[in-house]
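>>> pasting the sequence and the predicted model now:
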Amino acid sequence: MVIGEKLWEGKCKTMGMVIKAVGPEGVTIEATWMAQLKGFGKAKGLDGAMMYSGKILMEPSGAGWSHGQGMLNFMTGDMAVVKGSGLGKVEAGKSKSVGMFTFMTMSPKLGWLNSVWTIATQEGDPQWTEFEMVISEWK
């Protein structure tokens with residue numbers, strides 16, 4: 001298995017975070033972020049905005065596990081929903097994460113997204129207030 005072509009890249013901002021629970025396993029947080037994405041390769045011309053909300057379990061070790069969902073609205077008027085899971089950490093003053101996204105759409109022109117699995121990498125400030133993301137096809 002290899003990472004295929006880059007589909008999108010963009011800048012993201014966290015819109016809000018709420019602490020939902022604190023326990024021996026860590027801190028459970030719900031977060032929502034927005035991304036402005038530019039399309040590349042198969043997704044060239046599919047620029048748009050992704051809004052994504054997820055639940056994150058921050059372990060005492062500093063690692064964080066996330067699961068969430070969102071929607072990707074394209075400037076063409078098309079839309080896709082997104083589901084994802086990932087793992088992140090803070091290292092050397094930067095937050096870093098890697099995860100997988102799958103998509104679902106009713107748009108005939110975006111039908112190819114229904115069978116694509118992607119790898120999403122993010123890197124930004126330690127508080128995850130602003131970060132950059134690259135979404136690549138997973139082959």
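Right, received. Where do you want to start?
>>> state the distance from the residue lying closest to Thr76 once chain neighbours are set aside to Gly39.
Leaving aside its sequence neighbours, Thr76 sits nearest to Leu46 (C-beta to C-beta, 6 or more residues apart in numbering; 7.0 Å). Just so you know, the C-beta spots here come from the backbone N, C-alpha and C atoms, and that holds for glycine as well. Look at Leu46 and Gly39: by C-beta to C-beta, to the nearest Å, they are 4 Å apart.
>>> neighbour-wise, which of the two wins?
Higher neighbour count among Leu46 and Gly39: Leu46, with 22 against 19, using other C-beta atoms under 10 Å.
>>> what's that one sitting at in phi/psi?
According to degrees, to the nearest 10, the main-chain angles of Leu46 amount to phi -100, psi 70.
>>> for Thr14, same thing?
phi -80, psi 130.
>>> for Lys109, see how far away the residue most central in space within the chain is.
Note on the chain: the residue nearest the mean C-alpha position is Ala120, at 6.0 Å, using C-alpha atoms, centre = their mean. Look at Ala120 and Lys109: by C-beta to C-beta, they are 22 Å apart.
>>> where in this structure is pLDDT low?
Flagging of the chain using pLDDT under 70 yields the residue ranges 1.
>>> on that earlier part again, let's verify the residue nearest to the centre of the chain: helix, strand, or coil?
For Ala120, the secondary structure call by DSSP: H, G, I helix; E, B strand; the rest coil comes out as strand.
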